[in-house]
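S.K.: Next input, structure requested:
(2 chains)
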Amino acid sequence: MADPKPVSERPLSPHLQIYRPMLTMMMSIVHRITGAALFFGTLLMAWWLIAAASGPTAYATFQWFAGSIIGRLVLFGYTWALFHHMLGGIRHFIWDTGRGFGPSEREWLVRANLVGSIVLTVLTWIVAYAVRGGF
Amino acid sequence: MSHSKSSMRTPLGRVRGLGSARSGTEHFWMQRVTAVANVPLSLFVIGLIITTAGSNYAAVKATLGAPLVAIPLILFVVSATWHMRLGMQMIIEDYVPAEGTKVVLLLANTFFSVAVGMGCVFAILKLSFGV
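M.R.: A predicted model of the protein is given here:
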């Protein structure tokens, strides 16, 4: 909450546009974007739970949305955002210990993050369809 | 002791109250604490959604109201909404330099997170206790 108001016009440090895009940088940005998406996506969780608490009619409305094409696309995206942010968090836990900052290690970590999030999302949906046929 | 001569406060006195930001490392630390909690809890919730998807209303109601489902579900809601409030606070502080807008957005962030969290907790408790 530090006040950033500049006292005088000082030169600013270079921002995004000056850097060549790198995977670690892109994944850092994606971590924030998925976090923000999950933030607003909690409205879906609230809808699900409050509909279940409200009664069969409200729950049927939620089920109709979740079962629609748009609903499933949103839920699929939400699943991916969740796994991506979760694995990104684990990556940050590793970095918090001071490990994994080497050039090859950090590249490996972000690749594992990306591949892992896609694999886990697809697996989750395969399991969901196998168990229940989705929503 | 090499602190500034202009201050008569001891180094200990200066760190009490957690420094100039008044919050010290608490934001960083609680983000990690809730992040650790979120890993198993969100895996549980994913499993829960998969098993309740496609069930009829009575079955869903019974599942969500069962103590061993409702308790971790409430823990997830509290941990996740806490975590998202901290994360969105960081985004707002990073990208909104205008003081007024920033304060309004920080308030909105807290209100949204608490409203979602309390709404979910209320719904789970209602499913658990009936009525």
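S.K.: chain center to the host helix or strand of residue A:121: distance?
M.R.: Using DSSP states H and E, residue A:121 sits within helix A:103-132. Chain-centre distance of helix A:103-132: 12 Å, with Cα atoms, centre = their mean, to the nearest Å.
S.K.: Mind listing what's buried along that helix?
M.R.: A:106, A:109, A:110, A:113, A:114, A:116, A:117, A:120, A:121, A:124, A:125, A:128 (16 or more other Cβ atoms under 10 Å in any protein chain shown). The way it works is simple: take the backbone N, C-alpha and C, and place the C-beta from them, glycine included.
S.K.: With adjacent residues omitted, what lies nearest to the most centrally placed residue in chain B?
M.R.: Nearest residue to the geometric centre of chain B (Cα atoms, centre = their mean): residue B:82, 0.4 Å. Excluding the flanking residues, the one nearest residue B:82 by Cβ to Cβ, 6 or more residues apart in numbering or on different chains is residue B:34, at 5.0 Å.
S.K.: Check the burial of the one you found by counting its neighbours.
M.R.: Look at residue B:34: counted by other Cβ atoms under 10 Å in any protein chain shown, it has 21 neighbours.
S.K.: show me what contacts it?
M.R.: Counting by Cβ atoms under 8 Å, 6 or more residues apart in numbering or on different chains, residue B:34 makes contact with B:79, B:80, B:82, B:83, B:86.
S.K.: how near is the residue nearest to the centre of chain B to residue A:67?
M.R.: The spacing between residue B:82 and residue A:67, counted by Cβ to Cβ, to the nearest Å, is 31 Å.
S.K.: returning to that earlier point: can you list the helices and strands that the host helix or strand of the residue nearest to the centre of chain B packs against?
M.R.: Counting by DSSP H and E, the element that carries residue B:82 is helix B:67-95. Counting contacts by 3 or more Cβ pairs under 8 Å, 6 or more residues apart in numbering or on different chains; DSSP states H and E, helix B:67-95 packs against helix A:23-54, helix B:26-52, helix B:57-65, helix B:99-129.
S.K.: is chain A contacted by the third one?
M.R.: Spelled out, that is helix B:57-65. Yes. Helix B:57-65 reaches chain A (Cβ under 8 Å from any Cβ of the partner chain) through B:57, B:60, B:61, B:64.
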